[in-house]
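Novice: just a sequence and a predicted model for now, questions to come.
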Amino acid sequence: KKVLIVNGPNLNMLGIREKSVYGAETLQDIAQKVSDEAKILGMDFDFIQSNHEGEIIDKIHDARGKYDTIIINPGAYTHYSYAIRDAVKAVEIPTIEIHLSNIHGREEFRSKSVIAPVCVGQICGFGSKSYILAMHAAKMQD
Ligand code: DQA
């Protein structure tokens, strides 16, 4: 099983940004945790980050034929990017939406995801463990 993990805008700032919400780990720390878990699960993955909507869309398009599952933390694009939503729908690769924070318990605007309806499901609120849980969910996909 090969998984593409896509991280959206500002996630390169983890470890610096709003630590009380997102924790002290950097994105690189999270990638290392995912790597350790992937070894245990016998899974292969690529881990990318972009602050640019179009680049995220290009990466989703390029995933066709290369990956069995996409795990995506779209950052703030979660709440308004119909373009990323359409890209996920277009490629027909089972996609799992994840968030570090519980987006349903924060500001009103965060509780709506325009991407979740085209995903298999959403995992949020578990900090970096949201990534690990998503790896397990990807492994369990048929
Ligand atoms: C986030 C939640 C989003 O609302 C926010 O814009 C982020 C991070 C999360 O992982 O909790 O950038 O996706």
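Specialist: Ah, there it is. Numbering: from 1, shown residues only.
Novice: next, the buried residues of the lowest-mean-pLDDT helix or strand in the chain.
Specialist: Least confident helix or strand, the chain: helix 19-22 with a mean of 90, by mean pLDDT, DSSP states H and E. Judged by neighbour count using 16 or more other Cβ atoms under 10 Å, the buried positions of helix 19-22 are residue 22. The way it works is simple: take the backbone N, C-alpha and C, and place the C-beta from them, glycine included.
Novice: again with stretch 65-80
Specialist: Going by 16+ other Cβ under 10 Å, stretch 65-80 has these buried residues: 67-75, 77-80.
Novice: ditto for stretch 116-124
Specialist: Counting neighbours by 16+ other Cβ under 10 Å, one finds that the buried residues in stretch 116-124 are 116, 118-119, 122-124.
Novice: how far does it sit from the chain's center?
Specialist: Distance of stretch 116-124 from the chain centroid (Cα atoms, centre = their mean, to the nearest Å) equals 10 Å.
Novice: that one near the ligand anywhere?
Specialist: No. Applying Cβ under 6 Å from any ligand atom, one finds stretch 116-124 separated from the ligand by no less than 6.6 Å.
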